[in-house]
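# just to be clear, the model below is a prediction. Sequence and coordinates:
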Amino acid sequence: MKDKLIAIIDNDIVFANALASKLNSIGVQTVVIDSALELLSVLFVDRPDYIIVDTMLSWIDPYQFLESLYKNPALSDIKVFLMTRQQLSKGRSKKRETLMCFHKITESDLLIEKIREEIS
C-alpha cells in the first residue's frame, strides 16, 4: 500500500489534513492540494494513483477538472472519488456508484474502506 499516492483536493484544509492522516494510518501516501498550481505539479510530477476531490471547490470546477482529466490519455486511468457536503440520496444510484461520490461528514469512513479495498 505504501507505494500508492492519493491526492486530496479540497478547500477545507482542516478536513483534508484529517482525511490524509486517516489514510496515512492505513499505509497510504497522501498529498493535500489547495491550489491550481499545486494540482498541476502533483498531476504531472508525482502522478497520483487516486484522487479525492471536493465537489464544492472555489478555485476550480471539479466537473470540468474531471472532464479534462479523462480526456488526457496520460491521466485518464487515475481513479477519482468525489466528496460533497451536499445531501445525497438514500439509495446508491448507478450514477453515484460510477462516480464514487461520498458525503464528506457522514461517509468519510466508508470512503476510506473503499480505498482500502481498491488498493489491497
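That came in fine, so what should we check first? All of these numbers come straight from a predicted model, not from anything done at the bench.

# CA atoms for contacts and neighbours, from now on please.
Will do.

# Three-state assignment for Leu43, please.
Classification of Leu43 using DSSP: H, G, I helix; E, B strand; the rest coil returns helix.

# ok, now how distant is the residue nearest to it when sequence neighbours are not counted from Asp46?
Nearest residue to Leu43 in three dimensions, chain neighbours excluded: Leu75, at 7.8 Å (CA to CA, 6 or more residues apart in numbering). Relative to Asp46, Leu75 is positioned 12 Å away (CA to CA, to the nearest Å).

# neighbour count for those two, which is higher?
Neighbour count, other CA atoms under 10 Å: between Leu75 and Asp46, Leu75 has more, with 16 against 12.

# hang on, the earlier thing: and the residue nearest to Leu43, what does it touch?
Residues counted as contacts of Leu75 (CA atoms under 8 Å, 6 or more residues apart in numbering) are Leu43, Arg47, Leu69.

# can I assume it sits in a helix?
No. With three-state DSSP as the criterion, Leu75 is assigned coil and is not in a helix.
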